[in-house]
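>>> I need the structure of the sequence given here:
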Amino acid sequence: MSVEIWTIVLVGLSFLAYIYIGWQSRVENSKDFFIAGQGIPSIANGAATAADWMSAASFISMAGLISFLGYDGSIYLMGWTGGYVLLALLLAPYLRKFGKYTVPDFVGDRYYSNIARLVAVVAAIFVSLTYVAGQMRGVGIVFSRFLQVDINTGVIIGMVIVGFFSVLGGMKGITWTQVAQYCVLIFAYLIPAIAIAWFLTGNPVPQLAFTFSDIADKLNKIQVDLGFKPYTEPFVNKSMLDVLFTTIALMVGTAGLPHIIVRFYTVKSVRAARFSAGWALLFIAILYTTAPALSMFARYNLIDSLHNQTVAEVQQLDWATKWEKTKLLAFDDINKDRRFQLTPNKDTNEIKIDRDIIVLSTPEVANLPPWVIGLVAAGGLAAALSTASGLLLVISSSIAHDIYYRIIDSSASEEKRVFVGRIMVGFSLVLAGYFGVNPPGFVSEVVAFAFGLAAASFFPVIFLGIFDKRTNSEGAIAGMLTGLIFTIIYIVGVKFGGMQPWFFGVSPEGIGTLGMLINFAVTLVVSRLTPPPPAEIQAMVEDLRSPLIEE
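The predicted structure follows:
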C-alpha cells in the first residue's frame, strides 16, 4: 500500500480509538469534567501527563531544532526535562494536597483575592493560547503532507476530533485518550529511530548508536566541508548567556504550566501524585533520550540525500516533491548549475528546509516502509492533539470554574457548570484554530514563548505561595502583572515590532527568565512593604508544607 493509504488507515484507526474513549468517558458532573473525579491510577496519569507534556513541539519540532542548532539545541532537552523534575519535586505534591481544580484556584485561595485569581486566569489563557497555537500548526503540517490537504483544512479536521472528546468527557475523557495517545506517539518515535540507528551504525539502540559510533565525527566533517560550524561545537547559534537564560526559562516555565499542574489534581492522593510524577518522568525520558540521536541521524540523511544532487535526481525523490507541495521544503537553483547546494549563507543556499518537517520526513528520507511513515504521521497527530486537549480544558476551566463559578455565580448547579465548561471548550477551539492557521513561528519557538510566559507569571507566585507564608495578595498581583507584561512586551517587540534583543542579546525564547526574576523581586518587595496575610492563610501554608500528608 502507498504511504497515503497507510496514513489514512493508521490515523483513522487511532482517531476511532480516541472517539470511542471520549464517548465511553463522557461525564455529567463538574468534578469529573475538570479533574477526572480524582480517580486516575498513578501509572495511567503518568502516561497521560507524558502525552500532555510531550506536545507537537517535542514530537515534531524539537528534533528539527536540534538538527539545525546542533549542540545549542540541547537547551530544549535540558530545559524541558529539568523543568519537569523541578515540578515533580517542588510543586506537584503540595498543589495536590491543596486540592483545588486549577492553578488560578490555588492563586485565588492562597492569596485570598479574586483579583489575584483574575490575573492568574488571564495569565493561564495567555500561556495556553500561545502554546496551543503550536499544536494546531503541527496538526496542519501532518495533514497537509500525508493526506494531501491544505494546512488550514488539516487544522479544522484536528479541531473537530479534539473538540469531540474534550467536550464530551472533559478531563476524564482527555486523560484516557492521552494514555492511548502516548502509546501511539512513543512507538511512532522509537520505531524509525531504531531502524535508522541500525542502518547507519549497526547498533539498534539509538542512544548507544549516538554515543559510541562515529556518526557525530562524520557529520562534523560534512558540516565543515559545506561551510557550517561543526555540529557538536557549542555556542555557535546562541551566546552562552542566551543558552543559560533560555534553558532556565524552559525549566521554570515547565514547572509553571497550568495544563501540566492540573494533571496532578486527577489522582486520589498526594502519594499517588508523587508516583505519577515518577512514571511520567520515565515515560518522558524514553523519548527525550532518543531525540538527540534522531536529530543527528536526520541531518546526516538529509544532507546525504539532497546536497549536490541534480535537479532530475531530486525530482525523482517522491518524498521531496510531496513535501515541496506543502511549501515547507523548497529548492532554488540560484547559480543555474542544475544542482542544489546546501550552504550556511542565506543568499546562496539552494535548499530551504522547514525545521518542523525533520521528524516527519525522516522515515521517507531513510526509505523505511510506508507503514512506518504512516505511523509517524499518527504519532505526530497524537502528540499535538493530546496537548491541545489539555490546553483547551485549562482555558475552559479558567473561565467556567475560576471566573463563572468562583466569582460570578457560586450557586451554579453541576449541570450549569459543566455546560459553561463545554461552551468554553468550543470557544477556545475556535481561537486555537485561528492561531493554527496564522502561527507566529516554528512550533517549538511558539511553544518556547508559552514557557517564557509561564515562567514570568506563574512559577514565582506558586513557589512563594508554598514556601513563603509572608507573601501576600498585593505582592502576588504586582509580581504576576509585572512579569507577564514585561515578557509579553519583549517577545512581541522583538518578534513582530522590529526591536533588537536589547538585554545582552537574550532571545525572546529566553527572556522569560528575566521576567521571572522581576516577578520574584516585585512580589517579595511589595509583600514586605504591605500588611502580612491573615493568620488563617499563614496557618494554611504551614499545613501545606507539613510532611503529614494523606496516603
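
>>> from here on, contacts and neighbour counts on C-alpha atoms
Noted.

>>> Show me what counts as buried in stretch 422-440.
422, 424-426, 428-429, 432-437, 439-440 (16 or more other C-alpha atoms under 10 Å).

>>> Just the ones in strands from these, please.
Among those, no member is found in strands (DSSP state E).

>>> In TSV: those, plus distance to residue 523.
Listed next are these as TSV, based on distance: C-alpha to C-alpha, whole Å:
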residue	distance to residue 523
422	35
424	31
425	32
426	35
428	31
429	34
432	32
433	35
434	35
435	32
436	35
437	37
439	33
440	31
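
>>> Could you find the lowest-pLDDT member of the residues you listed?
Lowest pLDDT within the buried residues of stretch 422-440 is found at residue 440 (59).

>>> so where's the stretch 1-150 of the chain shaky on pLDDT?
1, 27-37, 100-101 (pLDDT under 70).

>>> any idea where the helices of it begin and end?
3-24, 30-35, 42-53, 56, 62-69, 74-86, 92-98, 103-110, 114-146 (DSSP state H, counting those that start in this stretch).

>>> Which members of the buried residues of stretch 422-440 are positioned in helices?
In helices, judged by DSSP state H, the following of the buried residues of stretch 422-440 are found: 422, 424, 425, 426, 428, 429, 432, 433, 434, 435, 436, 437.

>>> Pipe those residues into CSV and attach distance to residue 108 per row.
Below are those laid out as CSV (distance: C-alpha to C-alpha, whole Å):
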residue, distance to residue 108
422, 23
424, 20
425, 22
426, 25
428, 22
429, 26
432, 26
433, 30
434, 30
435, 29
436, 31
437, 34
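
>>> quick check, nearest of those residues to residue 195?
residue 436 (32.0 Å; C-alpha to C-alpha).

>>> I'd assumed residue 130 was in contact with the closest one.
No - the pair residue 436 / residue 130 is not scored as a contact, 10.2 Å apart, by C-alpha atoms under 8 Å.

>>> which SS class is residue 230?
Three-state call for residue 230 (DSSP: H, G, I helix; E, B strand; the rest coil): coil.

>>> doesn't residue 48 make contact with residue 182?
Yes - using C-alpha under 8 Å, residue 182 and residue 48 qualify as a contacting pair, with a distance of 6.9 Å.

>>> Spell out the residue ranges of the helices in the stretch 201-350 of the chain.
So, for the stretch 201-350 of the chain - with DSSP H, counting those that start in this stretch - the helices run 206-212, 215-226, 240-255, 258-261, 270-288, 291-306, 311-315, 318-325.

>>> Take those helices and lay them out in JSON lines including mean pLDDT.
Output for these, formatted as JSON lines (pLDDT from 0 to 100):
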{"stretch": "helix 206-212", "mean pLDDT": "92"}
{"stretch": "helix 215-226", "mean pLDDT": "92"}
{"stretch": "helix 240-255", "mean pLDDT": "90"}
{"stretch": "helix 258-261", "mean pLDDT": "77"}
{"stretch": "helix 270-288", "mean pLDDT": "87"}
{"stretch": "helix 291-306", "mean pLDDT": "91"}
{"stretch": "helix 311-315", "mean pLDDT": "90"}
{"stretch": "helix 318-325", "mean pLDDT": "87"}
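
>>> Out of those helices, which gets nearest to residue 43?
helix 270-288 (5.7 Å).

>>> For the closest one, buried residues please.
Applying a neighbour-count criterion of 16+ other C-alpha under 10 Å, one finds 270-281, 283-284, 287-288 buried in helix 270-288.

>>> How about stretch 297-309?
297, 298, 299, 300, 301, 302, 303, 305, 306, 307, 308, 309.

>>> export those residues to CSV and tack on distance to residue 465?
Below are these laid out as CSV (distance: C-alpha to C-alpha, whole Å):
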residue, distance to residue 465
297, 45
298, 44
299, 45
300, 48
301, 49
302, 49
303, 50
305, 54
306, 54
307, 55
308, 58
309, 59
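
>>> from those, which is closest to residue 375?
Using C-alpha to C-alpha, the buried residues of stretch 297-309 come closest to residue 375 at residue 298, 17.2 Å.

>>> what separates the closest one from residue 192, distance-wise?
Counting by C-alpha to C-alpha, to the nearest Å, the separation of residue 298 from residue 192 is 10 Å.

>>> what sits in contact with each of the two?
residue 362 (C-alpha atoms under 8 Å, 6 or more residues apart in numbering).

>>> Need the phi and psi values for residue 463.
Main-chain dihedrals, residue 463, degrees, to the nearest 10: phi -60, psi -50.

>>> How many neighbouring residues does it have?
Per other C-alpha atoms under 10 Å, the neighbour tally for residue 463 reads 15.

>>> pretty sure it is in contact with residue 92, am I right?
No - look at residue 463 against residue 92 with C-alpha under 8 Å: they stay out of range, at 10.6 Å.

>>> Could you pull up the contacting residues of residue 506?
241, 242, 245.

>>> Tell me the one among those residues nearest to residue 318.
Among the contacts of residue 506, and counting by C-alpha to C-alpha, the member closest to residue 318 is residue 242, at 39.3 Å.

>>> what's near enough to touch the closest one?
Residue 242 neighbours (C-alpha under 8 Å, 6+ apart): 505, 506, 507, 510.

>>> Top of those by number of neighbours, please.
Highest neighbour count within the contacts of residue 242: residue 510, with 26 neighbours (other C-alpha under 10 Å).

>>> Can you report how many residues neighbour the nearest residue to that residue once chain neighbours are set aside?
Distances taken as C-alpha to C-alpha, 6 or more residues apart in numbering put residue 246 closest to residue 510, at 3.6 Å, once the chain neighbours are dropped. By other C-alpha under 10 Å, 27 other residues sit near residue 246.

>>> so how far is the one helix or strand residue 192 maps to off the chain centroid?
Element membership for residue 192 (DSSP states H and E) is helix 151-201. With C-alpha atoms, centre = their mean, to the nearest Å as the basis, helix 151-201 stands 13 Å off its chain's centre.

>>> Stretch 235-249 too?
With C-alpha atoms, centre = their mean, you get 19 Å for stretch 235-249.

>>> With stretch 532-548 instead?
On C-alpha atoms, centre = their mean, the centre of stretch 532-548 falls 33 Å from the chain's centre.

>>> same question, stretch 387-403
So, by C-alpha atoms, centre = their mean, the centroid of stretch 387-403 is 16 Å from its chain's centroid.

>>> what's the answer for stretch 424-437, then?
Centroid separation for stretch 424-437 versus its chain: 17 Å, with C-alpha atoms, centre = their mean.

>>> And stretch 455-472, what's buried?
455-462, 464-467, 469-472.

>>> I misspoke; the intended subject was stretch 82-96.
82-88, 90-96.

>>> Considering those residues, which is situated nearest to residue 139?
Nearest member of the buried residues of stretch 82-96 to residue 139, counting by C-alpha to C-alpha, is residue 84, at 24.5 Å.

>>> for the closest one, what are its contacts?
Listed by C-alpha under 8 Å, 6+ apart, the contact set of residue 84 reads 251, 254, 255, 281.

>>> Just the buried ones out of the residues you listed, please.
The buried subset of these - by 16+ other C-alpha under 10 Å - is 251, 254, 255, 281.

>>> The first one reaches residue 83, doesn't it?
Yes - with contact defined as C-alpha under 8 Å, residue 251 counts as touching residue 83 (3.7 Å).

>>> Could you pull up the residues touching residue 55?
Residue 55 neighbours (C-alpha under 8 Å, 6+ apart): 135, 383, 384, 385, 386, 387.

>>> for the closest residue to it other than its chain neighbours, what are its contacts?
Leaving aside its sequence neighbours, residue 55 sits nearest to residue 383 (C-alpha to C-alpha, 6+ apart; 4.8 Å). Neighbouring residues of residue 383 by C-alpha under 8 Å, 6+ apart: 51, 52, 54, 55, 56, 58, 59, 181, 182, 185.

>>> wait, doesn't the first one sit right on residue 181?
So the one you mean is residue 51. Yes - using C-alpha under 8 Å, residue 51 is in contact with residue 181, at 6.6 Å.

>>> one step back: could you flag which of the contacts of residue 55 are buried?
Applying 16+ other C-alpha under 10 Å to the contacts of residue 55 flags 135, 383, 384, 385, 386, 387 as buried.
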